[in-house]
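1. just need the structure, nothing else, for what follows:
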Amino acid sequence: MEKTFKILAILLILVWSQAIPCIGQSEPPEKPNILVIMPDDLGWHDVGYQGSSIKTPNIDKLAQSGLILDQHYVMPTCTPTRVSLLTGRYASRYGVTGPDYGEVIDRGDPTLASLLSRSGYFTAIAGKWHLGSPPHTPLKYGLDSSYGYFDGQIDPYTHNYKMKTKLTSRKSWHRNDEYLDEEGHATDLITDEAIRIIEKDREQPFFLFVAYSVPHFPLDEPEKWTSNYEDVQMSPSRKWFAASVTHMDDGIGQIMEALERTGQRKNTLILFASDNGGQHSWHSDTEYRGRYADKPHRVLGNNFPLRGWKGDLYEGGIRVPAVVNWPRVFEPGVVEVPLHIADWLPTFLALADGSEHVTNRALDGKNIWPALTGEAEGYSDRTLYWKTGGEYAVRQGDWKLIVQRNDQAKELYNLADDFRETTDLSDEEPEKVNQMLNLLGTLKK
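-> Down below sits the predicted model:
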């Protein structure tokens, strides 16, 4: 009898081990829910797990139980990063080199949302779009549900854009691409919408893009959040910034609770990544109808120890805090190879059994599942490319070249030895400069 029980116990363990995904496995398990959380202008040193004094317990928990992406690259401003996320391509392929409006992604081009829809996903966005002004709105690019705001940045309470232009209205807040008047702080409304999507009973897996408006200016936070920093030695505007990040972090905690409550946490892959580096400061007497004329934002983000700010091609503008978390699949750890925001489209499609949809599509991103599961070979020496209105940059392996578009001035850095980019080696390494220039020329074509 005892021998029989032992045999049964061994059989049960074998069956159980087959049913549960292996941690760190090279082959992904069943189609997961995919949740992308993107703060706006969050700098390298603006989260707790990076040593910041800003309180982010929920983001820190994701980092401690997931994979910290130590070299996760994006574009240096918002629209280009979002283009790369949704298309798997460098934004400059669409002529996008900075914040943009009108038709940003060519209508009819496949997007991450439309491709996941073809793989059976329900797709939704809650928050910032900034990938086209009306009529170039989310539902026309493969999303089943849209909520939030169309334009670059809004007042957190009025939900209005900073000004009216030829391509934008002051009105920006919407549901399913239709303008909407609604009360409440944007952070709370975006969180509530994300929870609504998660709690909706459906048989499909979901793709949910939660694009928070903070800590981008203008900042206006309730006392509940600013009180966390009353006794902290910070510039007043840095306190507003910190309060907005803690407010967002609380929303992320509510989203995690909703996943747990609905039994979906274990099969939800979560990517947390800022859209670009932190911004130094902001002030305007006229934008947002002058509401912030007497509230200068003299100190905002912190990218320490990286050099540069939002808009720069130095590391501080393009290397951002990022974490990927999937319980029972990823062991806690750090991925140290260079990754790019464009990588997530082919990676997510591979998880969703949708890779065949882009077989003939020229993508700049690559499937990074092997890098996430410990097979880093082939990633350390990869080539990455950036183009903005004023600069080009190319990275290959540890070497990075920045070229000014106006006067062709060049800077060369070895990031393995000098990740702070303090020593320009362009004069000492002319052969390397020429090699990188040739590579840049090939990429520009």
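2. quick check: H216 touching D40?
-> Yes: judged on Cβ atoms under 8 Å, H216 makes contact with D40 at a distance of 3.9 Å. From N, CA and C alone the C-beta is placed, and that goes for glycine too.
3. joint contacts of these two?
-> Here H216 and D40 have Q153 as joint contacts, going by Cβ atoms under 8 Å, 6 or more residues apart in numbering.
4. pLDDT score for the nearest residue to E230 once chain neighbours are set aside?
-> Among residues not flanking E230 along the chain, K239 sits closest, at 7.9 Å (Cβ to Cβ, 6 or more residues apart in numbering). Listed pLDDT for K239 reads 98.
5. H216 and D40: which has the busier surroundings?
-> Neighbour tally, H216 and D40, criterion other Cβ atoms under 10 Å: the higher count belongs to H216, 27 against 24.
6. contacting residues for that one?
-> By Cβ under 8 Å, 6+ apart, the neighbours of H216 are D40, D41, Q153, Q279.
7. now do the contacts for I154.
-> I154 neighbours (Cβ under 8 Å, 6+ apart): N160, Y161, K162, S172, W173, A186, S213.
8. one more: T268?
-> By Cβ under 8 Å, 6+ apart, the contact set of T268 is P32, N33, I34, L35, L259, W326.
9. okay, these in a markdown table with distance to D398 and neighbour count next?
-> A markdown table is the format used below for the contacts of T268 (distance: Cβ to Cβ, whole Å; neighbours: other Cβ atoms under 10 Å):
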| residue | distance to D398 | neighbour count |
| --- | --- | --- |
| P32 | 33 | 22 |
| N33 | 36 | 21 |
| I34 | 31 | 24 |
| L35 | 33 | 24 |
| L259 | 38 | 21 |
| W326 | 29 | 25 |
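10. which of those fall in strands?
-> Among the contacts of T268, the residues falling in strands (DSSP state E) are N33, I34, L35.
11. isn't the last one up against L208?
-> Yes: under the criterion of Cβ under 8 Å, L35 makes contact with L208 at 5.1 Å.
12. now the residue lying closest to D220 once chain neighbours are set aside: how far from H340?
-> Nearest residue to D220, sequence neighbours excluded (Cβ to Cβ, 6+ apart): P156, at 5.2 Å. For P156, the distance to H340 equals 30 Å [Cβ to Cβ, to the nearest Å].
13. of these two, who's got more company?
-> Comparing P156 with H340 by other Cβ under 10 Å, the one with more neighbours is H340, at 25 against 22.
14. contacts only, for that one.
-> With contacts defined as Cβ under 8 Å, 6+ apart, the neighbours of H340 are H72, Y73, V74, S84, D364, G365, L384.
15. would you turn the residues you listed into a markdown table with secondary structure and pLDDT?
-> A markdown table is the format used below for those (DSSP: H, G, I helix; E, B strand; the rest coil; pLDDT from 0 to 100):
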| residue | secondary structure | pLDDT |
| --- | --- | --- |
| H72 | strand | 98 |
| Y73 | strand | 98 |
| V74 | coil | 98 |
| S84 | helix | 98 |
| D364 | coil | 96 |
| G365 | coil | 96 |
| L384 | strand | 98 |
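16. need the max-distance pair from these.
-> For the contacts of H340, the farthest-apart pair by Cβ to Cβ is H72 and D364; their separation is 15.3 Å.
17. could you report the neighbour count for V334?
-> Going by other Cβ under 10 Å, the residues that sit close to V334 add up to 10.
18. hang on, it is in a strand, isn't it?
-> Yes: assessed with DSSP: H, G, I helix; E, B strand; the rest coil, V334 lies in a strand.
19. contacting residues for it?
-> By Cβ under 8 Å, 6+ apart, the contact list for V334 reads L67, I68, D70.
20. now, of the residues you listed, which are buried?
-> Taking 16 or more other Cβ atoms under 10 Å as the criterion, what is buried in the contacts of V334 is L67, I68.
21. next secondary structure after the helix or strand hosting D60?
-> Using DSSP states H and E, D60 falls within helix 57-64. On the C-terminal side of helix 57-64, the closest following helix or strand by DSSP H and E is strand 67-69.
22. can you list the strands that that following strand pairs with?
-> Here strand 67-69 is paired, per DSSP bridges, with strand 322-325 (antiparallel), strand 333-335 (parallel).
23. roughly how far is the longest one from the heart of the chain?
-> It refers to strand 322-325. Its chain's C-alpha centre and that of strand 322-325 lie 10 Å apart, by Cα atoms, centre = their mean, to the nearest Å.
24. and what of the last one?
-> For strand 333-335, the separation from the chain centroid amounts to 17 Å (computed by Cα atoms, centre = their mean).
25. what do you get for stretch 72-80?
-> Mean C-alpha position of stretch 72-80 versus that of the full chain (Cα atoms, centre = their mean) differs by 8 Å.
26. kindly report the same for stretch 315-330.
-> Distance, stretch centre to chain centre, for stretch 315-330: 9 Å (Cα atoms, centre = their mean).
27. who are the neighbours in contact with the residue most central in space within the chain?
-> Closest residue to the average C-alpha location of the chain: A273 at 3.5 Å, with Cα atoms, centre = their mean. The contact partners of A273, by Cβ under 8 Å, 6+ apart, come to V36, I37, M38, L69, H72, V74, V320, P321, A322, V323, I341.
28. please report the distance of the nearest residue to R265 once chain neighbours are set aside from K400.
-> Residue nearest to R265 in three dimensions, not counting chain neighbours: L259, with 4.0 Å by Cβ to Cβ, 6+ apart. Going from L259 to K400 by Cβ to Cβ gives 38 Å.
29. could you do F206 as well?
-> Distance, F206 to K400, by Cβ to Cβ: 37 Å.
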